[in-house]
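# show me the folded form of this:
(4 chains)
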2 protein chains.
Amino acid sequence: MKKLALDAADVRILSALQQHGQLSKAKLAEISGLSATPCWARLARLKAGGYIRGYHADIALSLLADFAQVIVTVSLSRHRKADFDRFEAYVKGRDEIIDCIATGGGVDYIMKVVSPNLTAFQDFVEDLHVEDLGIDRYMTHFATRQVKTALPNISKLATARLK
Amino acid sequence: MKKLALDAADVRILSALQQHGQLSKAKLAEISGLSATPCWARLARLKAGGYIRGYHADIALSLLADFAQVIVTVSLSRHRKADFDRFEAYVKGRDEIIDCIATGGGVDYIMKVVSPNLTAFQDFVEDLHVEDLGIDRYMTHFATRQVKTALPNISKLATARLK
DNA sequence: CATGAAAGATCCCGATG
DNA sequence: CATCGGGATCTTTCATG
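A predicted model of the protein is given here:
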């Protein structure tokens, strides 16, 4: 996907939708300082350019059910491409894993796992062993409390390159 | 906020909106297996009950700008309530920190930091030192690649308690 | 819960300055 | 870029079974 040239108004549109995904086109236009028609055209362009990956409701999980949130760090015993591919394919297939990054240093992967309860998480870890994923070492860090959740600051990130 | 009694249709509504935050009420009703009117009533109830915290567009950050994503683990040198409060207040005030959990064991906090670039992240770490937050040890893990991002599976989490 | 209906708002897009 | 217009669609609510 080729990157488009974005100006400040485009960034305002994206930022507004990031914070309020159900804004009407009229209010979106107002916030972004444009009138409805050009705002609509920009939005269409941004969507077509892949800048908007989707819209999601933020659901209060804690009201729905108890659950355990765990950060798991993983180091593989070997570092061939096939080892990474096998592990990552497994990660993508488990919906308990809601976030996974690759990293350098002594740790290869850091992921966030959400399970309905502790025994479900233990089953998850058990599966990691059984599946022969080439894991050398792993560490688990149970979340006792969610201190903060926030959205990335789009305007700051998009503006930084101009400095 | 008192928890409501939710049935399977409520969970389907929440799950559908989690995945497609801009669904029209008509399609939402269809997906959740209801007709429009009762679906609308349930949605109003869920919203009033705090089950829907908001709606957000998922923006393709990587198209907007280069940025560095870092997992930072922190241990405080003392563990009085005031020490936790001070650190957490700081965390809440920094918009580079998009996620922070408290955890047990040798690590007190694990957070995800998004900076426009490496030097901005170094400045961030510098601030951590300067601010006298009572940090004993910290470790940084730079993300080299985003392997996976997914939404928590609402229906699985909400159903698990029934088993 | 389902159906049907109706006023009002919104959406999409084209025309024009 | 802004304003205006209008047909299609969606939203919200109410009455009825």
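
# list the beta-bridge partners for the nearest residue to residue A:103 once chain neighbours are set aside.
Leaving out its chain neighbours, the residue that sits closest to residue A:103 by Cβ to Cβ, 6 or more residues apart in numbering or on different chains is residue B:141, at 4.6 Å. To be clear about C-beta, it is placed using only N, CA and C from the backbone, and glycine gets the same treatment. Beta-bridge pairing for residue B:141 (DSSP bridges): residue B:71.

# now do the contacts for residue B:141.
Residues counted as contacts of residue B:141 (Cβ atoms under 8 Å, 6 or more residues apart in numbering or on different chains) are A:73, A:103-105, A:107, A:110, B:70-73.

# give me the pLDDT for it.
Residue B:141 carries a pLDDT value of 98.

# that one and residue A:9, how far apart?
Distance of residue B:141 to residue A:9, computed by Cβ to Cβ, to the nearest Å: 36 Å.

# do residue A:39 as well
Distance from residue A:39 to residue A:9, by Cβ to Cβ: 8 Å.

# give me the element the spatially most central residue of chain A is part of.
The centre of chain A sits closest to residue A:99, judged by Cα atoms, centre = their mean, with a distance of 6.1 Å. Take DSSP states H and E as the rule and residue A:99 turns out to sit in strand A:97-103.

# and for the next helix or strand after that strand, what's in contact with it?
Beyond strand A:97-103 on the C-terminal side, the first helix or strand identified by DSSP H and E is strand A:109-115. Here strand A:109-115 makes contact (Cβ under 8 Å, 6+ apart) with A:61, A:67-74, A:76, A:87, A:91, A:96-103, A:121, A:124, B:71, B:141, B:143, B:147-148, B:152-153, B:157.

# next helix or strand past strand A:109-115?
helix A:118-130.

# low-confidence stretches in chain A?
Low-confidence segments of chain A (pLDDT under 70): A:1, A:161-163.

# got the domain ranges for it?
A:8-57, A:61-142 (automatic domain parsing).

# and the nearest residue to residue A:21 once chain neighbours are set aside, how far from DNA strand C?
In space, and not counting its chain neighbours, residue A:21 is closest to residue B:55: 3.5 Å by Cβ to Cβ, 6+ apart. Using Cβ to the nearest atom of the strand, to the nearest Å, one obtains 12 Å as the distance from residue B:55 to DNA strand C.

# if you look at stretch A:147-159, does any of it touch chain B?
Yes: against chain B, stretch A:147-159 shows contacts by Cβ under 8 Å from any Cβ of the partner chain at A:147-154, A:156-158.

# select from the residues you listed every entry located in helices.
Mapping the residues of stretch A:147-159 next to chain B onto helices (DSSP state H) picks out A:154, A:156-158.

# going through those, which ones are buried?
A:154, A:156-158 (16 or more other Cβ atoms under 10 Å in any protein chain shown).

# would CSV of the residues you listed with distance to residue B:116 be doable?
As requested, those are exported to CSV (distance: Cβ to Cβ, whole Å):
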residue, distance to residue B:116
A:154, 11
A:156, 7
A:157, 5
A:158, 9
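
# so which of those residues is the closest to residue B:29?
Within these, the smallest distance to residue B:29 is 32.8 Å, found for residue A:154 (Cβ to Cβ).

# count the residues that sit near the nearest residue to residue A:3 once chain neighbours are set aside.
Nearest residue to residue A:3, sequence neighbours excluded (Cβ to Cβ, 6+ apart): residue B:63, at 5.6 Å. Neighbours of residue B:63 under the rule other Cβ atoms under 10 Å in any protein chain shown: 18.

# right, and residue B:63 touches residue A:53 too?
No: look at residue B:63 against residue A:53 with Cβ atoms under 8 Å: they stay out of range, at 9.6 Å.

# near DNA strand D, which residues of chain A?
A:9, A:33-39, A:41-42 (Cβ under 7 Å from any atom of the strand).

# do that again at 10 Å, thanks
By Cβ under 10 Å from any atom of the strand, the residues of chain A that approach DNA strand D are A:7, A:9-10, A:22, A:24, A:29-30, A:32-42, A:45.

# what about the residues you listed, which are in helices?
Among the residues of chain A next to DNA strand D, the members found in helices (DSSP H) are A:9-10, A:29-30, A:32, A:36-42, A:45.
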